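In: Let me see the structure of the following:
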Amino acid sequence: MPQSALREVEHEITISAPAAAVYELIADVTNWPRIFPPTIYVEREDLGDDAERIQIWATANGEAKNWTSRRTLDPEGLRITFRQEISAPPVATMGGTWIIEPLADGTSRVRLLHDYRAVDEKPESLAWIDEAVDRNSRSELAALKTNVELAHAAEEVTFSFEDTVQINGSAKDVYDFINDAHLWSERLPHVATVRLEEDTPGLQTLEMDTRAKDGSTHTTKSYRVCIPGRKIAYKQVTLPALMTLHTGYWTFRENEQGVAASSQHTVVLNTENITKILGPDAGIAEAREYVQTALSTNSTATLNHAKAHAEQLQG
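Out: Model prediction:
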């Protein structure tokens, strides 16, 4: 059955951020969990010559999904081309280009180009794709504008840190301890209750009540991407008052002494709540120290319990 003729369409939007900053935020997929609320985690595979394959885990209607695309980066031209590796009917092929253009007032024009063919020459097939591309492009550009502007403005209050514990055990045993979060209320003193769902292997929804030093408890909900033996990445979707974003990952690196287990956090502070929570004299520095101490205390405690568990199994 012959495919339809190639269709080319374009959408654009103006963003209040410099073109180079917009390009960097789109080009570096590690930024996507920070920019795009649905994005949980992204992994990239370097294919050489500024080409990459990216695998994306993101939520859709409250469920975690993932897909793969191939991209070519042009940092000098501020362009990123992309191509679906596998298209679903009625789409036969789909690709496109992001083009970021600097404007005179320090803002940017972002153009999103698509080219596609339908699997057949039926008018209704092409009309379906036309509508989907138009709807998705408009919503994606609107989300990009909102979130890139927020991310660019939030650079001062965005920070990352990592804690590492050396363990005389196997990476598998440490990974299993972190992966088996449904057992944390039995294994971790600071966890009161846990609710874990994993309808799709490796994609978890984790909700838990955590005890603070003062005896109070607070509820958190996260989506987790579990890559066996290597990494567990997460995005917290219910946040304490001092944060507008919290993402992170657990990693397990084997070495001569056993395994170096790490917990990494990326945080964006909620500046509106700093004085409400920490008092009238508190600022960004105090909020950063408070949040980092709280997160680091819990993650290091978890790593130390994982250490005891893995070393006991090691015998």
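In: Next, the contact list for Ile35, please.
Out: For Ile35, the contact set (Cβ atoms under 8 Å, 6 or more residues apart in numbering) comprises Leu25, Leu144, Asn147, Val148, Ala151. In short, each C-beta sits where N, CA and C put it, glycine included.
In: so the third one touches Thr39, yeah?
Out: No: because the distance of 9.9 Å does not satisfy Cβ atoms under 8 Å, Asn147 is recorded as not touching Thr39.
In: quick revisit: as JSON lines, the contacts of Ile35 with pLDDT would be great.
Out: Output for the contacts of Ile35, formatted as JSON lines (pLDDT from 0 to 100):
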{"residue": "Leu25", "pLDDT": "87"}
{"residue": "Leu144", "pLDDT": "87"}
{"residue": "Asn147", "pLDDT": "82"}
{"residue": "Val148", "pLDDT": "86"}
{"residue": "Ala151", "pLDDT": "81"}
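In: The spatially most central residue of the chain sits in which helix or strand?
Out: Nearest to the geometric centre of the chain sits Pro33, at 2.7 Å (Cα atoms, centre = their mean). Using DSSP states H and E, Pro33 sits within helix 32-35.
In: And that helix, how far out from the chain middle?
Out: Mean-position distance between helix 32-35 and its chain equals 5 Å (Cα atoms, centre = their mean, to the nearest Å).
In: Over to stretch 215-224?
Out: In terms of Cα atoms, centre = their mean, the centre of stretch 215-224 is set 18 Å apart from its chain centre.
In: average model confidence for it?
Out: The pLDDT scores in stretch 215-224 average 88.
In: count of residues packed around Trp184?
Out: The tally of other residues near Trp184 (other Cβ atoms under 10 Å) stands at 22.
In: Contact partners for it?
Out: So Trp184 contacts Val191, Val194, Met208, Thr302 (Cβ under 8 Å, 6+ apart).
In: Val42 now?
Out: Taking Cβ under 8 Å, 6+ apart, one finds Val29, Thr30, Trp32, Pro33, Ile54, Gln55, Ile56, Trp57 in contact with Val42.
In: Restricted to helices, list those.
Out: Taking DSSP state H, the ones among the contacts of Val42 that sit in helices are Trp32, Pro33.
In: is it possible to export the contacts of Val42 to a markdown table including pLDDT?
Out: Formatted as a markdown table, the contacts of Val42 follow (pLDDT from 0 to 100):
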| residue | pLDDT |
| --- | --- |
| Val29 | 90 |
| Thr30 | 87 |
| Trp32 | 86 |
| Pro33 | 89 |
| Ile54 | 91 |
| Gln55 | 88 |
| Ile56 | 86 |
| Trp57 | 88 |
